[in-house]
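A.B. asks: Sequence plus predicted model, see below.
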Amino acid sequence: MQWARCQKANCLVALILAVLWAKPSFCDLIPPGYRRVSHTLCFEPSEPLEKVRLVAAPVLGFGGVSQIEPGVPFSFSGKYGTKIYAVPEDVGPLKDFDREKFKDWPSIDPPVEQVANVPESSPITSVETTLRFEGISGNKLNIGIVRNIEHGNANIELGGVTIAQPWGRAITVALFGGAILVGVLIWQVFAGRTTRST
């Protein structure tokens with residue numbers, strides 16, 4: 001009986017950890033010792049970019065569609081899966097993400113991972129990645145990274161500063177998992193004492 005109870009508890013812990021790992025919305029926490037920063041993308045002006053209409057839109061959540069303009073920074077989200085799309089010329093203004101409509105348009109994930117958190121000791125306050133639009137191949141956009149600039153206080157550029165990526169989701173899952181595991185162990189001990197007393 002006790003063995004079956006332990007097996008059930010262990011399965012519950014494994015299930016919760018799997019959900020935490022698979023669903024980033026459950027892990028929207030800042031790891032200990034880190035703080036949030038803003039990370040934006042910006043396309044440099046180019047002749048190929050003048051011939052297309054690009055937008056950025058998250059495939060999850062309720063974020064709207066951002067019209068991409070040369071030289072104008074725009075936000076993106078790794079958590080909500082922002083993608084960059086080339087919009088057909090005959091499509092009117094866009095406000096909301098339409099999965100059925102967008103799925104047939106040329107698209108690509110941002111070629112850089114979002115920096116959402118940095119260590120508390122880091123001088124970085126924001127990050128801007130400049131991209132270059134190079135064209136369309138079939139149903140995929142060709143986009144390259146031009147440069148990555150970190151800014152500090154007063155928007156001062158920080159040359160040569162390496163962004164220390166946090167463990168992010170792994171740390172959060174470990175903390176949640178540890179707390180759950182401790183709770184389960186306490187429950188097992190309590191349940192065992194109750195069983196023996198009866």
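C.D. replies: Okay, I see it. Owing to the predicted nature of the structure, the values given are computational and were not obtained by experimental measurement. Numbers count the residues shown, from 1 in each chain.

A.B. asks: Where does pLDDT dip in the chain?
C.D. replies: For the chain, residues meeting the criterion pLDDT under 70 lie at 1-28, 159-179, 182-184, 187-198.

A.B. asks: Verify the contact between Ile149 and Glu157 for me.
C.D. replies: Yes - between Ile149 and Glu157 there is a contact under CB atoms under 8 Å: 5.7 Å. In short, each C-beta sits where N, CA and C put it, glycine included.

A.B. asks: Tell me which of those two has more neighbours.
C.D. replies: Ile149 (15 against 10; other CB atoms under 10 Å).

A.B. asks: need the contact list for that one.
C.D. replies: Going by CB atoms under 8 Å, 6 or more residues apart in numbering, Ile149 touches 127-130, 157.

A.B. asks: doesn't it fall inside a strand?
C.D. replies: Yes - the assignment for Ile149 is a strand, going by DSSP: H, G, I helix; E, B strand; the rest coil.

A.B. asks: how much space between it and Gly78?
C.D. replies: Applying CB to CB, to the nearest Å, the value for Ile149 to Gly78 is 19 Å.

A.B. asks: what's the answer for Leu181, then?
C.D. replies: Separation of Leu181 from Gly78 (CB to CB): 28 Å.

A.B. asks: swap in Lys51?
C.D. replies: To Gly78, Lys51 is 29 Å away according to CB to CB.

A.B. asks: again with Pro58
C.D. replies: From Pro58 to Gly78 the distance is 10 Å (CB to CB).

A.B. asks: ok, the two, which is more surrounded?
C.D. replies: Looking at Pro58 and Gly78 with other CB under 10 Å, you find the greater number of neighbours at Pro58, namely 20 against 17.

A.B. asks: my guess is Leu49 is in a strand, correct?
C.D. replies: No - applying three-state DSSP, one finds Leu49 to be helix, outside a strand.

A.B. asks: Fine by me, thanks again.
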